[in-house]
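**Student:** With the sequence up front, the predicted model follows.
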Amino acid sequence: MAVLTPPTSIRLAGLIRLALPLAAAMLSAGTALAQAPELPETMPAPELNQSQSAQEAAPADVPIPEPRPANAPEPDEPATDKMDQQKSDQHQEARPQPLAVVPTPTEKPAEAEPPAAAPKPPEKPAQAPEKKIPPDPRSAAVPQEEMPDEELACRRRLKSMGVDFEERKAEHDAAVGCSIPYPIALKTLGKSLDINPESELNCQMAEAAARFAADIVQPAAKAELGAELKSVGQASAFVCRHRNGGGKLSEHAFGNALDIASFTLSDGRRIDIRPAPPEKEAKFLNAIRKAACGPFKTVLGPGSDADHSLHLHLDLAPRRNGGTFCQ
């Protein structure tokens, strides 16, 4: 047996003092792990050979412990504290938990009824083909080299009545169909009876207007209003256009119509054509309007339609059997 020298014995004694607490701690940990049922294995306490040196006393390879279960006690916790904590947890788990409030299910909305099938719009009736309007034969009228006898005779009658007029150049529009081959411009309707402004008409319409003023309007003015007729205010004479409703050409397109808007009397009074004139004026206007139907083939005025609410329309439109259209 070797005899230890003092320095060697002192070092060995120090190592033993360090190793004893470590061995005691490992033994205590092994006992605690053995008591825990969840741990499958326990770590064996290392044996310490007192004859070995301090370096040999330490284990060469310390195995890495497996992951600790969630309910295993911490290494530095006393086993008894861990067991008490487990019991407390079990007691908490055994305590009945309050019932959760079950939310009331929301009512299912009533299912909307499917919309009824929209009614189909009624089928549009097949449109009848537009009726073709035959061309007016007067649209082809053009002046001849010499004025016809009926035109010359008409002018002679106007002069005998004291009507002042001027000859005008022929009007003709082949694209639209307007035509007035022998127009005249009326400056007066007789002696001391003016028309304003001057009116371009065919001779037959000019003669009818002059006779209307002299034979119908003048006597009615004296009888109903106590004054003589001084002048006639016209709103339209020859105009190259169709009727307001479309379709056929207007009688104005042939210089065969005259629109009268007012009458001026010798005492300065002006009688306007309108829907609701004063009583005396209304009586006068109704009298001349009624008398115009016959000499003229068409008579329209207030009440006929909106287009004739402010004037009297007079024309010589050719009608079958010499008929008239008066409203």
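**Tutor:** Alright, I've got the coordinates.
**Student:** May I see the buried residues of the helix or strand containing residue 156?
**Tutor:** Assessed by DSSP states H and E, residue 156 sits inside helix 149-160. Neighbour counts using 16 or more other Cβ atoms under 10 Å place 151, 154, 155, 158 of helix 149-160 among the buried residues. Placement of C-beta: from N, CA and C, glycine included.
**Student:** name the helices or strands packed onto the one helix or strand residue 280 maps to?
**Tutor:** Taking DSSP H and E as the criterion, residue 280 maps to helix 279-292. Judged by 3 or more Cβ pairs under 8 Å, 6 or more residues apart in numbering; DSSP states H and E, helix 279-292 is in contact with helix 218-225, strand 270-272, strand 312-315.
**Student:** same thing but 7 Å
**Tutor:** Helix 279-292 is packed against helix 218-225, with contacts defined by 3 or more Cβ pairs under 7 Å, 6 or more residues apart in numbering; DSSP states H and E.
**Student:** tell me the angle the helix it packs on makes with helix 279-292.
**Tutor:** Calculated by axes from the mean of the first three to the mean of the last three Cα atoms, to 10 degrees, helix 218-225 forms an angle of 150 degrees with helix 279-292.
**Student:** Now do helix 218-225: which elements does it pack against?
**Tutor:** Contacts defined by 3+ Cβ pairs under 7 Å, 6+ apart place helix 218-225 against strand 257-265, helix 279-292.
**Student:** can we see that at 6 Å?
**Tutor:** Other helices and strands packing on helix 218-225, by 3 or more Cβ pairs under 6 Å, 6 or more residues apart in numbering; DSSP states H and E, are helix 279-292.
**Student:** Can I get the helix it packs on in PDB? Just the C-alpha atoms.
**Tutor:** Coordinates of each C-alpha in helix 279-292 appear next as PDB, following Å, rounded to 0.1, in the frame of the first residue of the first chain:
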ATOM      1  CA  GLU A 279    -118.000  89.800 -76.200                       C
ATOM      2  CA  LYS A 280    -118.400  92.400 -79.000                       C
ATOM      3  CA  GLU A 281    -115.200  91.400 -80.700                       C
ATOM      4  CA  ALA A 282    -116.200  87.700 -80.400                       C
ATOM      5  CA  LYS A 283    -119.500  88.400 -82.100                       C
ATOM      6  CA  PHE A 284    -117.700  90.200 -84.900                       C
ATOM      7  CA  LEU A 285    -115.100  87.400 -85.400                       C
ATOM      8  CA  ASN A 286    -117.700  84.600 -85.200                       C
ATOM      9  CA  ALA A 287    -119.700  86.300 -87.900                       C
ATOM     10  CA  ILE A 288    -116.800  86.700 -90.400                       C
ATOM     11  CA  ARG A 289    -115.500  83.200 -89.700                       C
ATOM     12  CA  LYS A 290    -118.900  81.700 -90.400                       C
ATOM     13  CA  ALA A 291    -119.300  83.700 -93.600                       C
ATOM     14  CA  ALA A 292    -115.800  82.700 -94.800                       C
END
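**Student:** Name the strands paired with the very next helix or strand once past that helix and say parallel or antiparallel.
**Tutor:** Per DSSP H and E, the first helix or strand lying C-terminal to helix 279-292 is strand 298-300. According to DSSP bridges, strand 298-300 forms sheet pairs with strand 312-315 (antiparallel), strand 325-326 (parallel).
**Student:** Using a markdown table, lay out the ones you listed together with mean pLDDT.
**Tutor:** As requested, the strands paired with strand 298-300 are exported to a markdown table (pLDDT from 0 to 100):
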| stretch | mean pLDDT |
| --- | --- |
| strand 312-315 | 97 |
| strand 325-326 | 94 |
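**Student:** out of the ones you listed, nearest to residue 222?
**Tutor:** strand 312-315 (19.3 Å; Cβ to Cβ).
**Student:** Show residues contacting that closest one.
**Tutor:** 251, 256, 257, 258, 259, 260, 273, 292, 296, 298, 300, 301 (Cβ atoms under 6 Å, 6 or more residues apart in numbering).
**Student:** So, low pLDDT: which residues of this protein?
**Tutor:** 1-25, 27-132, 245-246 (pLDDT under 70).
**Student:** Do a quick rundown of the strands in the protein.
**Tutor:** Counting by DSSP state E, one finds strands in the chain at the ranges 165-167, 171-173, 178-180, 183-190, 193-202, 229-236, 257-265, 270-272, 298-300, 312-315, 325-326.
**Student:** Run through the neighbouring helices and strands of the longest one.
**Tutor:** The elements that strand 193-202 packs onto, with contact taken as 3+ Cβ pairs under 6 Å, 6+ apart, are strand 183-190, strand 229-236.
**Student:** Output the last one as CSV, nothing but the C-alphas.
**Tutor:** Spelled out, that is strand 229-236. Extracted C-alpha coordinates of strand 229-236, given in CSV (Å, rounded to 0.1, in the frame of the first residue of the first chain):
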residue,chain,number,x,y,z
LEU,A,229,-112.3,98.3,-91.7
LYS,A,230,-109.0,100.1,-92.4
SER,A,231,-106.4,97.3,-92.7
VAL,A,232,-105.8,93.5,-92.4
GLY,A,233,-102.8,92.1,-90.6
GLN,A,234,-101.6,88.9,-92.2
ALA,A,235,-99.3,86.3,-90.5
SER,A,236,-98.4,84.1,-93.5
